[in-house]
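>>> Predicted model and sequence below, questions to follow.
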Amino acid sequence: MRVITPEQLPSVLATLPANPRIIASGNFATPNTLLKAAEANLEKFILHMLNAHPGIPDREGIKYESAFVGPAMRRHPRLDYIPSRLSLLPVVIRDHARPDAVFIHTSTPRFDTVSLGTEVNILPAAIESARSHGGIVIAQANKQMPYTYGDAQIYESEIDYLIEVDEPLMEKQETSFADASVAIGDRIASLIEDHSTLQLGIGAVPDSVLMALAKRKGLRIWTEMFSDGVYNLHKLGVLDPDVLITASFVFGSQEMYQWMHLNRRIQMLRTERTNDPSAIAKQAKMQSINAALEVDLYDQANASFVRGQVYSGFGGSTDFIVGSLHSRGGRSFIALPSWHPKANVSAIVPKLSGNITSFQHSFVVTEQGAAACFGQSQSQQARNLIEKAAHPDAREHLSAVAKELKLI
């Protein structure tokens, strides 16, 4: 590993091939210094990031690529969406989307390692792919990035160049809770027992579930990501002290980042480990909690597309839905409000007309109730969705269409 200054970075970037593919830390670990240098010094490049947030380079000559589309890339005309389960994205990177450069946002060196800190995810696979095929790995080592353990630890020998920076990490804004989100969170939490293992997605509903679990005992965390809700459960003494908290990336408050620093209770693993359905299935009472945009009477969920355009992607929800259903006492929850007020339409629809993200869940939960799906007949499943999850204004129409479809 060679430590360089920002002034030396242009000459390093000049060694890259024309129109290189750059895989960079995503979510709240954007390596801003490295990306600004690429924007200033490379005429054209492909930028591959997961859940990219505003502030990334955006000009002609820069093409975006992602399997989970964040707000900075959503509906962008220069986006190439790669459909992939998160657990399989490392295979895509190994065989199909090999990087010419990997930009990582790390802690400062500790002994002969740095840590990927808050964002492990696909980065170990990207580093391995780059090193196997002649690419370069550049680290932006930040004094404010927490040092975390597990697959987050990267040896200096795996890095070609390192630039030292001191810049604040992005923090998650405080979640605002609509009445429907709180009601959904309460309903899901009421179905979760002590000593369960939790996986939670992103948004107000998962955060509501965590708030409602404050009086549980011995909860465990095996998830692709977590935020301050898990940290709060730790402070309340709700989490099992004998079981490591497992995740692949995080975003939250500065207080949470400080708690994570050199914390042996937290293991940050690469995505093909956290999201491996067989590993998920080994977790006792695995409870998978994810959101959707719409669900139909066949218990098929769309969490990825809006009006024919990709909104996010599969993410890890499909991995955890399958893994949780194979777990001892495991269950999969899909959560959504029963009505979309802006579009003024029901979120429970007769049959999805567009893309399907997942299917076959234990429960579909709205503020109206929890509809049991797994283990039910197709007919009973449809009845449960209409009677327990659908908005009252949609039930008559759904029942009529269900009869036409011979579901009931």
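Nice, thanks for sending it over. This one's a predicted model, so the numbers in the text were calculated from it and none came from an experiment.
>>> Name whatever forms a beta bridge with residue 220.
residue 197 (DSSP bridges).
>>> That one contacts residue 283, correct?
Yes: with contact defined as Cβ atoms under 8 Å, residue 220 reaches residue 283; the gap is 7.0 Å. Just so you know, the C-beta spots here come from the backbone N, C-alpha and C atoms, and that holds for glycine as well.
>>> list residues touching both of these two?
By the contact definition Cβ atoms under 8 Å, 6 or more residues apart in numbering, residue 220 and residue 283 are jointly contacted by residue 197.
>>> out of the two, which sits in the more crowded spot?
residue 283 (25 against 21; other Cβ atoms under 10 Å).
>>> contacting residues around the closest residue to that one other than its chain neighbours?
Closest residue to residue 283 apart from its sequence neighbours, by Cβ to Cβ, 6 or more residues apart in numbering: residue 197 at 4.1 Å. Counting by Cβ under 8 Å, 6+ apart, residue 197 touches 219, 220, 221, 222, 283, 284, 285, 286, 287, 327.
>>> Would you map out the domains in this structure?
Following the assignment in automatic domain parsing, the chain carries domains at 2-165, 179-224+275-404.
>>> For the ones you listed, give me CSV that also has distance to residue 251 and mean pLDDT.
Output for the domains of the chain, formatted as CSV (distance: least, Cβ to Cβ, whole Å; pLDDT from 0 to 100):
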stretch, distance to residue 251, mean pLDDT
domain 2-165, 4, 97
domain 179-224+275-404, 9, 94
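>>> Nearest to residue 254, out of those?
Among the domains of the chain, the nearest to residue 254 by Cβ to Cβ is domain 2-165 (8.6 Å).
>>> roughly how far out does that closest one sit from the chain middle?
17 Å (Cα atoms, centre = their mean, to the nearest Å).
>>> First-to-last residue distance for it?
15 Å (Cα to Cα, to the nearest Å).
>>> what's around residue 404, how many residues?
9.
>>> Can you report how many residues lie near the nearest residue to residue 183 once chain neighbours are set aside?
Excluding its sequence neighbours, the residue lying closest to residue 183 (Cβ to Cβ, 6+ apart) is residue 367, at 3.9 Å. Residues within reach of residue 367, counting by other Cβ under 10 Å, total 21.
>>> For residue 182, see how far away residue 367 is.
Look at residue 367 and residue 182: by Cβ to Cβ, to the nearest Å, they are 8 Å apart.
>>> Residue 292 now?
Residue 292 is 18 Å from residue 182, where distance means Cβ to Cβ.
>>> between those two, which one's more packed in?
Between residue 292 and residue 182, counting by other Cβ under 10 Å, residue 292 is the more crowded of the two (20 against 17).
>>> Just confirm that one contacts residue 302, I think it does.
Yes: using Cβ under 8 Å, residue 292 makes contact with residue 302 at a distance of 6.4 Å.
>>> okay, and the common contacts of the two?
Common neighbours of residue 292 and residue 302, using Cβ under 8 Å, 6+ apart, are residue 357.
>>> who's in contact with residue 15?
Residue 15 neighbours (Cβ under 8 Å, 6+ apart): residue 136.
>>> would it count as being in a strand?
No: assessed with DSSP: H, G, I helix; E, B strand; the rest coil, residue 15 is coil; it does not lie in a strand.
>>> ok, it to residue 129 distance?
Distance, residue 15 to residue 129, using Cβ to Cβ: 18 Å.
>>> now do residue 14
Taking Cβ to Cβ, one finds residue 14 at 22 Å from residue 129.
>>> Between the two, which is the more surrounded one?
residue 129 (21 against 9).
>>> picking up where we left off before, mind checking the domains of the chain for the one nearest to residue 262?
domain 2-165 (5.5 Å).
>>> can you map out the helices along the stretch 1-150 of the chain?
Secondary structure of the stretch 1-150 of the chain (DSSP state H, counting those that start in this stretch): helices located at 9-13, 32-41, 89-95, 123-132.
>>> quick one, which of the ones you listed is packed in tightest?
Most buried of the helices of the stretch 1-150 of the chain, by mean neighbour count (mean count of other Cβ atoms under 10 Å): helix 123-132, with a mean of 22.
>>> what's next to that helix, contact-wise?
With Cβ under 8 Å, 6+ apart as the test, helix 123-132 has contacts from 23, 25, 89-90, 93-94, 98-102, 104, 116, 135-137, 151, 154, 158, 270-272.
>>> And for stretch 174-182?
Contacts for stretch 174-182 (Cβ under 8 Å, 6+ apart): 203, 204, 205, 207, 208, 337, 338, 366, 367.
>>> can you map out the helices along the stretch 251-400 of the chain?
Here the stretch 251-400 of the chain has its helices, by DSSP H, counting those that start in this stretch, at 254-260, 271-274, 277-281, 317-326, 378-384, 392-404.
>>> So which of the ones you listed is nearest residue 81?
Relative to residue 81, the nearest member of the helices of the stretch 251-400 of the chain by Cβ to Cβ is helix 317-326, separated by 15.6 Å.
>>> And residue 321, how close does it get to residue 300?
Distance, residue 321 to residue 300, using Cβ to Cβ: 12 Å.
>>> neighbour-wise, which of these two wins?
Comparing residue 321 with residue 300 by other Cβ under 10 Å, the one with more neighbours is residue 321, at 25 against 19.
>>> contacting residues for the more buried one?
Per Cβ under 8 Å, 6+ apart, neighbours of residue 321: 288, 290, 332, 358, 360, 361.
>>> any idea which of those is closest to residue 121?
Comparing these against residue 121 with Cβ to Cβ picks out residue 290 as the nearest, at 17.3 Å.
>>> number of nearby residues for that closest one?
Neighbours of residue 290 (other Cβ under 10 Å): 28.
>>> is it true that it touches residue 198?
No: at 11.7 Å, residue 290 does not count as touching residue 198 under the criterion of Cβ under 8 Å.
>>> In contact with residue 116, which residues?
Counting by Cβ under 8 Å, 6+ apart, residue 116 touches 25, 29, 104-106, 123-124, 148, 151-154, 268.
>>> what's it sitting at in phi/psi?
Backbone geometry at residue 116, expressed as degrees, to the nearest 10, gives phi -70, psi -10.
>>> ok, now how distant is it from residue 122?
According to Cβ to Cβ, residue 116 and residue 122 sit 11 Å apart.
>>> Look up the residues that both of these two are in contact with.
Between them, residue 116 and residue 122 share no contacting residue, judged by Cβ under 8 Å, 6+ apart.
>>> Many thanks, we can stop here.
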